[in-house]
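Q: need coordinates for the below:
(3 chains)
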Amino acid sequence: MSTKDWILHLDLDSFMASVEILRHPELRDRPVIVGGNGDPTVPRTVVATASYAAREHGVHSGMPMRTALRKSPDAVFLPSDMPAYEAASAQVMDTLRRFPITLEIWGLDEAFIGARTDDPFELARTLQKAVLDETGLTCSIGIGDNKHQAKLAAQFQKPAGISQLTSDQWPAVMGPRPTSALWGIGAKTTTKLADMGLHTVADLAAADPRELARRFGPTNGPWLRYLALGKGEAGVTDTPWVPRGHSHETTFTTDLTDAAAIREHVTAFARQLAGEAADEGRDVIRVTVKVRFAPFITQTRQTKLDTPTTDPDPIQAAALAALDRFTLDRAVRLLGVGVEYANR
DNA sequence: TCTGGGGTCCTAGGACCC
DNA sequence: TCTGGGGTCCTAGGACCC
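A: Below you'll find the model as predicted:
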């Protein structure tokens, strides 16, 4: 094999549940479900991560906790413990950084790796072993010519697998698969594509780009075909990600109707976000309030600040001004506030 | 399956200006 | 005074991801 640049995608297996099993070894091989406050009878909470034993019972992330309880009544339910997951993630990333690779962190449980090597499988095995030895966690690794290929390949043999998907292999491996197999095509786009008679990746790759642009817009239309051709971004950077903003939201167990209580929640979120902006040294330029009315109708209102700031008073005022532009005539299921940062 | 929370990016339409 | 076209900014919503 000749030396060349490869992109690897590393995906920690059932990450949050695996961290919990490390802390509680007696849970090994039991169905473990992490989500909400750990009480699966609370309505409007969902599964964050399910262990592989729980997945065998049909439990998956995003599923309502009450459904998960029905499917896996003997499972161990645990609350999300973000500080513990952040610490475990940092340990994994520190382990990876010791290798001569470029590490691009992509959330708590994923990373892209750029490496110049003649044997990417050997590199993948070495990384898997180092992560397992130092943290006790298993991961799956995909190898490709770009991020899209590597990302998909990592899903081919989970858990603890290594798979490769290159441009040469793409038409044979991905062509017959449904368009929903692509990274970036979800349920809505799958339906719209099916309406156009485009069902497989090969169908989409052969579709008329002008027709796609007409249906999906000038950027998204051509991008869909680009995905189907197996193309993708090939650059990996270890420059840390700079967040565009932050938000907080909460779904109430029972709907809120009291106007004063609604204002209090929005105020508290706005001031919390102002504090976080100050901690990060970032100025806020826009504040968005999100209201989800019963049964499930979501609206947003936003206010641009005259002057970028971390001062909680104008940020709170902007949030309340946005809130005032809603017609609060129905019960409120969710309230959220988000801030957008000025460029840095 | 009665549907979380935290993100990113794109689109469409209106306001406004020249 | 019956009305063009382009550019930019802003807002609201939607789609997708983990």
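
Q: surely A:Asp255 and A:Leu335 touch.
A: No - taking C-beta atoms under 8 Å as the definition, A:Asp255 is not a contact partner of A:Leu335, at 10.9 Å. Where C-beta positions appear, they are placed from N, C-alpha and C, glycine not excepted.

Q: who are the packing partners of the worst-scoring helix or strand of chain A on mean pLDDT?
A: Using mean pLDDT, DSSP states H and E, helix A:209-216 stands out as the lowest-scoring helix or strand of chain A, at a mean of 89. Secondary-structure packing of helix A:209-216 (3 or more C-beta pairs under 8 Å, 6 or more residues apart in numbering; DSSP states H and E): helix A:187-195, helix A:220-228.

Q: neighbour count: A:Asp255 and A:Leu335, which is higher?
A: Neighbour count, other C-beta atoms under 10 Å: between A:Asp255 and A:Leu335, A:Leu335 has more, with 24 against 15.

Q: give me the spatial nearest neighbour of that one, chain neighbours excluded.
A: A:His265 (4.9 Å; C-beta to C-beta, 6 or more residues apart in numbering).

Q: ok, how many other residues are close to that neighbour?
A: Using other C-beta under 10 Å, the number of residues around A:His265 comes to 19.

Q: so what's it up against?
A: With contact taken as C-beta atoms under 8 Å, 6 or more residues apart in numbering, A:His265 is in contact with A:Thr250, A:Leu256, A:Leu335.

Q: so where does the last one fall, helix or strand?
A: Right, the one you point to is A:Leu335. strand A:332-341 (DSSP states H and E).

Q: right, is that strand up against DNA strand C?
A: No - contact of strand A:332-341 with DNA strand C (C-beta under 7 Å from any atom of the strand) is absent, the minimum separation being 9.0 Å.

Q: starting at the chain centroid, how far to that strand?
A: On the basis of C-alpha atoms, centre = their mean, to the nearest Å, strand A:332-341 sits 18 Å off its chain's mean C-alpha point.

Q: please name the strands paired to it in the sheet, noting orientation.
A: strand A:245-256 (antiparallel), strand A:284-293 (antiparallel) (DSSP bridges).

Q: looking at those, which one is packed in the most?
A: A comparison of the strands paired with strand A:332-341 by mean neighbour count, using mean count of other C-beta atoms under 10 Å, puts strand A:284-293 on top with a mean of 22.

Q: need the next SSE after that strand, C-terminal direction.
A: Using DSSP H and E, the helix or strand that follows strand A:284-293 in sequence is strand A:297-309.

Q: show me what from the stretch 101-250 of chain A comes close to DNA strand C.
A: Looking at DNA strand C, the residues of the stretch 101-250 of chain A close enough under C-beta under 7 Å from any atom of the strand are A:107-110, A:151, A:182-190.

Q: pick out the most distant pair among those residues.
A: Taking C-beta to C-beta as the measure, these reach their widest spread between A:Leu108 and A:Thr190, a distance of 27.2 Å.

Q: what about the residue of the stretch 101-250 of chain A found nearest DNA strand C, how many residues nearby?
A: Nearest to DNA strand C in the stretch 101-250 of chain A, going by C-beta to the nearest atom of the strand, is A:Gly186, at a distance of 2.5 Å. A:Gly186 is flanked by 9 other residues according to other C-beta under 10 Å.
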